[in-house]
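Enquirer: after the sequence you'll find the predicted model.
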Amino acid sequence: MESFTAGLISLEEAQQKMLAQLKPVTDSLSVPLAEAVGRITAKAVTSPIAVPPFDNSAMDGYAVRLADVNSGQPLPVAGKAFAGAPFSGEWPPGSVIRIMTGAPVPAGCEAVVMQEQTETQGEAIVITAPVRPGQNIRLTGDDIQPGHVVLEAGTRLGAAELPLLASLGIAQVSVLRKLRVAIFSTGDELQPVGEPLAAGQIYDTNRFAVSLMLHKLGCEVIDLGIIKDDPAALRTAFEEADRQADVVISTGGVSVGEADFTKSMLEQLGAISFWKLAIKPGKPFAFGRLSSSWFCGLPGNPVSAAVTFYQLVQPLLATLTGQQKPALPPRQKVRCASRLKKSAGRLDFQRGILRQNAQGELEVESTGMQGSHVFSSFAQANCFIVLERERGDVEPGEWVEVEPFNALLEA
């Protein structure tokens, strides 16, 4: 076991070594809100207005003056105030204004009494509960003051953030340019999806999966296709990718086979930071630098490629775009409902299903076969079961660490 894992670096060391070298892109542009979904803010966004922009009612009820309330007499209704149609007439002493939620409170209003705390007597009302100064009034700027930072730089814009900006009247937002990522696969055995397979060939699912994940992360994808196991062709692909992209990602060709040229080509054209990780699946992962871009070499096995992209490439891309929110969700301890096979020596990412049991407690079970070729496990799973490097087999009922999938792997 020691010789098998000798020279492998831990996932944590790989992440630290990789991320420490990166500097976020700074090029930015202004885009309309409708085109900003998935983009990253280039600078902090401040509010141009107060929210709410005026004192308004938090309830359907009656606007009152405290002196009138204390009289204990029935109070006639002198008018009505609606959202978008405020009361603008004269408000006689000893009366109330019928007011709806969101309507501006009339001048002189000191509280709003909810309608459930009143009784109707003809054209007047009687208040049936004590009234506190300022109750049920939302004051100007209670939520947001003008100039207040509503989104920090490095925020990914989605369904929570964009409506917030729209509510402030912000029509354009400054975002970072999209990262340009060049991808290619290597291997004579690969065939494009949709083409018939010859003897010994397999479909190039890795490049397809990587492209989907990159698009989901908001990257501009430069697809260079399948590169045959030929040093000259591979060199041309590397040089072309390096000219066009911020990040170059290849799949396959980074293990120890006789026809695996990617590692040697990277040594000629750039520099390797690390190669081979103490994780399973995903040991043969290469990271390095070309003349103008960063390089990530993913393993050829589909599950290994997906795991290393998720655990290493995803944080790399997030760092390059200056994102403040961690790319990976926090892990948590739950009980395991399945028996898991595990050999000591590498950190293991098994695919699992996290759910509540009959007692209402979270537990996780395996998706079944965990081979690095069993990509169907991702379609069933909603989390990784993360098993420590030196841990062995897991029995049902033992505590394990799980990492729920983020939006990249969610349906």
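Expert: Okay, I see it.

Enquirer: could you find the closest non-adjacent residue to Pro86?
Expert: In space, and not counting its chain neighbours, Pro86 is closest to Pro104: 4.2 Å by Cβ to Cβ, 6 or more residues apart in numbering. The C-beta positions use only the backbone N, C-alpha and C, and glycine is treated the same way.

Enquirer: cool, and Val126?
Expert: Here the residue nearest Val126, using Cβ to Cβ, 6+ apart, is Glu119, at 4.8 Å.

Enquirer: neighbours of Ala63, just the number please.
Expert: Per other Cβ atoms under 10 Å, the neighbour tally for Ala63 reads 29.

Enquirer: separation between it and Ala271?
Expert: 71 Å (Cβ to Cβ, to the nearest Å).

Enquirer: correct me, but the residue nearest to Pro86 touches Asn56?
Expert: Yes - in this structure, Pro104 is within contact of Asn56 by Cβ atoms under 8 Å, at 5.5 Å.

Enquirer: what's the overlap in contacts for the two?
Expert: Listed as contacting both Pro104 and Asn56 by Cβ atoms under 8 Å, 6 or more residues apart in numbering is no residue at all.

Enquirer: quick revisit: who's in contact with the residue nearest to Pro86?
Expert: Pro104 makes contact with 54-56, 81, 86 under the criterion Cβ under 8 Å, 6+ apart.

Enquirer: Gly282 now?
Expert: Gly282 neighbours (Cβ under 8 Å, 6+ apart): 299, 304-305, 307-308, 311, 349, 372.

Enquirer: for the residue nearest to Val126, give its distance to Glu239.
Expert: Glu119 is 83 Å from Glu239, by Cβ to Cβ.

Enquirer: neighbour count: the two, which is higher?
Expert: Remark: of Glu119 and Glu239, Glu239 carries more neighbours, 14 against 11, as counted by other Cβ under 10 Å.

Enquirer: burial of the residue lying closest to that one once chain neighbours are set aside, as a residue count?
Expert: Excluding the flanking residues, the one nearest Glu239 by Cβ to Cβ, 6+ apart is Leu269, at 7.2 Å. Leu269: 17 surrounding residues under other Cβ under 10 Å.

Enquirer: ok, Leu269 - contacts?
Expert: By Cβ under 8 Å, 6+ apart, the contact set of Leu269 is 235, 238-239, 242, 290-291.

Enquirer: which of the helices or strands spans Met213?
Expert: helix 205-216 (DSSP states H and E).

Enquirer: which strands and helices sit next to that helix?
Expert: strand 180-186, strand 220-227, strand 247-251, helix 302-308 (3 or more Cβ pairs under 8 Å, 6 or more residues apart in numbering; DSSP states H and E).

Enquirer: what about the protein, any weak spots by pLDDT?
Expert: Within the chain, the stretches with pLDDT under 70 are 1-6, 71, 253-261, 371-374, 411.

Enquirer: buried residues in the longest strand along it?
Expert: Ranked by residue count, the top strand of the chain under DSSP state E comes out as strand 347-356. For strand 347-356, burial by neighbour count (16 or more other Cβ atoms under 10 Å) applies to 347-354.
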